[in-house]
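> Fold the following, please.
(one chain, ligands or ions: 2)
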Amino acid sequence: MTLKVIGSYLVASVLLSYLFLACDKQSNEKNGKQKHPKVQFNPQLVKAGKKLYAQNCIFCHQADAIGKPGVAPSLTNQDFLSISSYKFLYDTIHDGRKGTGMPPFKHLSEKKIKSVISYLRSYAKLPSRIKEVKAQHKSQGDPRLGKLFFQQICSTCHGPGGNGYQAGGTGTAVGLRGFLDTVSDGYLRITIAEGRSNTRMYGFKGPQAMANLSDKEIDDIISYLRSYPGESTNN
Ligand code: HEC
Ligand code: HEC
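Ligands and ions are numbered 1, 2, ... in the order given. Purely as a prediction, here's the structure:
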């Protein structure tokens with residue numbers, strides 16, 4: 001009698017876990033289809049990219065590209081991956097960021113850069129928000145007000161004028177051309193409002209935020225950043 005009970009329990013649990021696995025697979029496939037359309041999840045590209053990453057990037061961006069505060073940002077951060085377009089990643093890797101520790105990789109072929117991007121994106125779990133980023137309006141804020149907010153809230157980490165690590169903080173050089181010329185206002189707005197999970201970049205919108213900035217105030221900051229505030233002390 002007891003054996004029979006145990007038996008049917010076993011059969012039921014095997015069936016259940018099979019069902020769970022099947023569901024899981026299905027939802028992964030669904031997510032996979034929505035994910036970053038430009039770069040296919042070609043396992044060979046990912047493998048080649050992993051090798052290139054270990055040769056060229058791991059020293060600063062660390063294993064699994066988790067980053068290191070004050071040395072290099074995380075490239076596998078989920079919020080970062082969900083809003084980063086192929087072009088933004090490509091241009092940043094190819095051209096580097098002048099005036100920061102991010103060197104240009106112009107010597108890597110297009111295919112090699114593409115494979116590094118595939119490797120980084122193989123970590124992405126959230127659906128892509130690139131369409132949402134692109135659809136956002138251009139900021140028409142007041143740069144003078146933005147400057148005040150930036151100095152009060154952001155400069156401790158990003159440096160006065162947004163010069164980044166060289167000012168001694170943990171935030172990247174958000175006031176330099178090398179960054180600003182590669183990103184849209186949507187990218188800036190979402191990052192400032194929502195932050196990046198598990199980094200020191202907290203969100204700045206909503207009651208839970210470090211400072212509850214309004215949409216208008218965030219646009220003021222974007223308009224200030226659009227004046228390349230870091231360029232005057234760095235070129
Ligand atoms: C407590 C420190 C801290 C504060 C305060 C802070 N940031 Fe950041 N910010 C960071 C860090 C750290 C990162 C990069 C995350 C990483 O290392 O992976 C970042 C990333 C960013 C990025 C993305 C940059 C890139 O290279 O992609 C933007 C834009 C940004 N911050 C804007 C702001 C603005 C505007 C403010 C003020 C409203 C602000 N931050 C306040 C620490 C901070
Ligand atoms: C010598 C150190 C160093 C090396 C090597 C390096 N990086 Fe970076 N990387 C940085 C730093 C520092 C930054 C942040 C620059 C800033 O302040 O804006 C950065 C930023 C980036 C960003 C932008 C991240 C963001 O949050 O906006 C990407 C993408 C990136 N690196 C990719 C790579 C890839 C891919 C490689 C290898 C092919 C690489 N990096 C090699 C130091 C490095």
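> any idea how this protein splits into domains?
Per automatic domain parsing, the structural domains of the chain span 43-131, 132-233.
> how long is the first one end to end?
Going back to what we said before, that points to domain 43-131. Distance between the boundary residues of domain 43-131 (CA to CA, to the nearest Å) amounts to 25 Å.
> hey, where'd the helices end up in this protein?
2-34, 43-56, 58-61, 78-83, 86-95, 110-121, 130-134, 143-149, 155-158, 177-180, 185-194, 215-225 (DSSP state H).
> So which bits of this structure are right by ligand 2?
For the chain, the residues in contact with ligand 2 under the definition CB under 6 Å from any ligand atom are 56-57, 59-61, 72-73, 75, 80, 89, 92-93, 97, 100-103, 105, 116, 164-165, 172-173, 179. Just so you know, the C-beta spots here come from the backbone N, C-alpha and C atoms, and that holds for glycine as well.
> Identify the residues contacting the most centrally placed residue in the chain.
The residue lying closest to the centre of the chain (CA atoms, centre = their mean) is Phe80, at 1.4 Å. Phe80 is in contact with Pro73, Ser74, Arg196, counting by CB atoms under 8 Å, 6 or more residues apart in numbering.
> Which residues of the chain lie near ligand 1?
Residues of the chain lying near ligand 1 (CB under 6 Å from any ligand atom): 67, 69, 73-74, 77, 153-154, 156-158, 170-172, 174, 179, 188, 191-192, 196, 199-201, 204, 221.
> Now the buried members of these.
67, 73-74, 77, 153-154, 157-158, 170-172, 174, 179, 188, 191-192, 196, 199, 201, 204, 221 (16 or more other CB atoms under 10 Å).
> Per-residue pLDDT of Gly164, please?
At Gly164, the pLDDT value in this model is 96.
> Quick check: nearest residue in space to it, chain neighbours excluded?
Spatial nearest neighbour of Gly164, chain neighbours left out: Ala173 (2.9 Å); criterion: CB to CB, 6 or more residues apart in numbering.
> likewise Ile221?
The spatial neighbour of Ile221 that comes closest, neighbours along the chain excluded (CB to CB, 6+ apart), is Gly146 at 4.3 Å.
> so that neighbour makes contact with Pro229?
No - counting by CB atoms under 8 Å, Gly146 stays clear of Pro229, with 9.2 Å between them.
> What distance do you get for Lys47 to Ser115?
Here the criterion is CB to CB, to the nearest Å. By it, Lys47 lies 8 Å from Ser115.
> Give me the below-cutoff pLDDT ranges for the chain.
By pLDDT under 70, the low-scoring segments of the chain are 1-40, 233-235.
> repeat that for 50
1, 10-11, 13-37, 234-235 (pLDDT under 50).
> Could you measure from the residue nearest to the centre of the chain over to Pro43?
23 Å.
> just Pro127 next, same as before
Per CB to CB, Pro127 is found 21 Å from Pro43.
> Which one's more surrounded, the two?
Using other CB atoms under 10 Å as the criterion, Pro127 and Pro43 rank with Pro127 on top: 14 against 10.
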